[in-house]
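**Q** sequence first, then the predicted structure:
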Amino acid sequence: MEVIYVKDYEEMSQKGFEQIKKVMETKESPVVSLNTGGTPKGLFQYLVEAINQGLDISDATIMSLDEYIGPKDAVYTVRNFMNQRLFNNIEQQPKHLFLMDGSTDDVESEIKRYKELLATYPRDIQLLGLGTNAHLGANEPGTPFDTTMFLAEHHESTIQSTMKEYGITREEAPTEMLTLGLKEITEAETVLLLVSGKHKAQAVKDLVEGEVTPDCPASVLRNCENAVVIVDEDAASLLTKE
Ligand code: PGA
């Protein structure tokens with residue numbers, strides 16, 4: 001695992017975007033799997049600008065890390081986020097867009113369908129954010145490292161983060177999510193984790209200096225040579241060995 005220290009959210013977004021851009025520019029049929037939430041908003045802006053200035057995505061496949069269980073048009077869905085922050089704002093579209101369907105009433109079939117896509121389109125890069133409890137995707141503490149795509153239940157801190165991020169009540173907030181498992185997350189050629197903010201500092205400390213254990217899901221990345229973690233000063237503020 002390589003850790004890159006940057007000043008702030010802005011620099012994290014820019015450096016993260018550069019990694020995605022490199023994949024888009026150097027791979028013949030790039031497969032880029034994105035995530036959503038507060039962390040990648042800045043990166044998405046860089047991506048929109050670059051695409052509209054000519055970054056070619058016509059052979060690219062875009063996939064997603066996870067999807068909330070709920071109606072497709074709910075304010076919190078990954079689909080909605082991707083449409084609002086990326087696809088509605090760009091002048092060319094990728095060759096394929098493969099999102100999960102969190103509105104399905106047949107979760108098992110949806111997992112099977114998406115796993116087949118993962119096998120057909122090996123990912124060049126997987127973008128990630130870090131939970132305050134060190135989750136990756138919806139792999140909450142305690143999830144075994146060899147887990148594959150599943151229907152996850154959110155821990156309370158995750159529900160609170162979703163409420164805050166989307167300005168919704170506890171009743172409106174989704175409590176379950178389809179998510180890639182930790183095994184699939186680490187199988188991407190490059191695994192890119194972005195982290196910003198003081199509220200993530202303990203999770204970063206656990207990730208970088210703590211034990212490698214399912215109690216800290218992100219610690220699965222510690223022994224991954226293909227993992228790149230970009231951390232800003234606030235998120236790194238509890239590290240002792242920087
Ligand atoms: P955030 O969420 O980017 O909104 O902080 C990250 C996560 O909880 O996975």
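**A** It's in.

**Q** the helix or strand bottoming out on mean pLDDT in the chain near the ligand anywhere?
**A** Across the helices and strands of the chain, the lowest-confidence element by mean pLDDT, DSSP states H and E is helix 156-166, at a mean of 92. Yes: Helix 156-166 reaches the ligand (Cβ under 6 Å from any ligand atom) through 161, 165. Every C-beta, even on glycine, is put in place using the N, C-alpha and C of the backbone.

**Q** wait, A201 touches L238, no?
**A** Yes: with contact defined as Cβ atoms under 8 Å, A201 counts as touching L238 (4.3 Å).

**Q** which bits of the protein sit near the ligand?
**A** 37-39, 129-131, 135, 161, 165.

**Q** narrow those residues to those that are buried.
**A** Using 16 or more other Cβ atoms under 10 Å as the burial test, the residues of the chain next to the ligand include 37, 39, 129-131, 135, 161, 165 as buried.

**Q** among these, which are in strands?
**A** Counting by DSSP state E, those place G129 in strands.

**Q** nearest to G102 among the buried ones among the residues of the chain next to the ligand?
**A** G37 (15.0 Å; Cβ to Cβ).

**Q** state the distance from that closest one to S109.
**A** 27 Å (Cβ to Cβ, to the nearest Å).

**Q** what stretches of this protein score poorly on pLDDT?
**A** Scanning the chain for pLDDT under 70 picks out 241-242.

**Q** pull the contacting residues for P71.
**A** Counting by Cβ atoms under 8 Å, 6 or more residues apart in numbering, P71 touches 77, 103.
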